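In: can you look at this prediction? I've put the sequence above it.
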Amino acid sequence: MLIRVEIPIDAPGIDALLRHAFNGNGEADLVKDLREDGLLTLGLVATDDEGQVVGYVAFSPVAVEGEELQWVGLAPLAVEEAYRGQGLAKKLVYEGLDSLNEFGYAAVVALGQPEMYHRFGFVPAARFGLRSTWPDTEAAFQIYPLAEDALNGVSGLVEYHEHFNREF
């Protein structure tokens with residue numbers, strides 16, 4: 001198993017993984033559009049021994065109250081069904097967090113299953129007065145500060161790129 005930064009040749013494998021993992025086109029189309037618009041801050045793939053994409057995580061810029069603060073949003077995260085339960089999602093997320101920290105990013109937000117993201121070290125964003133644009137997501141909206149001062153004086157609405165506002 002190899003985890004590395006995605007390269008152009010991975011795009012079809014990422015697309016197939018996302019369509020299969022999410023039972024539809026929404027996440028695959030989202031990643032394609034983010035990639036085409038240069039809005040993927042970081043994309044990591046996990047490949048098997050044959051080089052097939054079996055896991056993927058993407059990070060893209062977010063703003064807080066319209067201000068760019070070197071924050072990114074984690075989405076989507078997917079692991080091929082045969083590889084689930086082996087810690088691959090955790091490895092992808094941690095590799096992404098480590099890389100983003102090295103690149104000087106301040107925080108990562110995620111909207112997803114609280115139990116899963118808590119295992120990765122994320123905490124409820126509402127604790128810090130942060131909220132997402134989507135209603136009724138307080139429990140699912142999580143944050144992972146990378147910089148010690150990432151949350152100093154920061155609160156309000158965290159906005160993802162408009163590509164995230166499509167129907168999935």
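Out: Great, that's in hand.

In: helices or strands up against the helix or strand where Ile14 lies?
Out: Using DSSP states H and E, Ile14 sits within helix 11-21. Taking 3 or more C-beta pairs under 8 Å, 6 or more residues apart in numbering; DSSP states H and E as contact, the helices and strands that helix 11-21 lies on are helix 26-36, strand 42-47, strand 53-64, strand 67-79. Quick note: C-beta positions are derived from backbone N, CA and C, even for glycine.

In: and Arg19, what is it in contact with?
Out: Residues near Arg19 by C-beta atoms under 8 Å, 6 or more residues apart in numbering: Asn25, Glu27, Ala28.

In: who wins on neighbours among the residues you listed?
Out: Counting neighbours by other C-beta atoms under 10 Å, Glu27 leads the contacts of Arg19 with 23 neighbours.

In: contacting residues around it?
Out: By C-beta under 8 Å, 6+ apart, the neighbours of Glu27 are Leu18, Arg19, Ala21, Ala75, Pro76, Ala78, Phe168.

In: any idea which of the residues you listed is closest to Tyr117?
Out: Ala75 (11.2 Å; C-beta to C-beta).

In: ok so Leu97 is a helix residue?
Out: Yes: counting by DSSP: H, G, I helix; E, B strand; the rest coil, Leu97 is found in a helix.

In: next one: it from Tyr117, what distance?
Out: 12 Å (C-beta to C-beta, to the nearest Å).

In: likewise Val45?
Out: 20 Å.

In: same check on His161?
Out: In terms of C-beta to C-beta, His161 sits 20 Å off from Tyr117.

In: brilliant, that's me finished.
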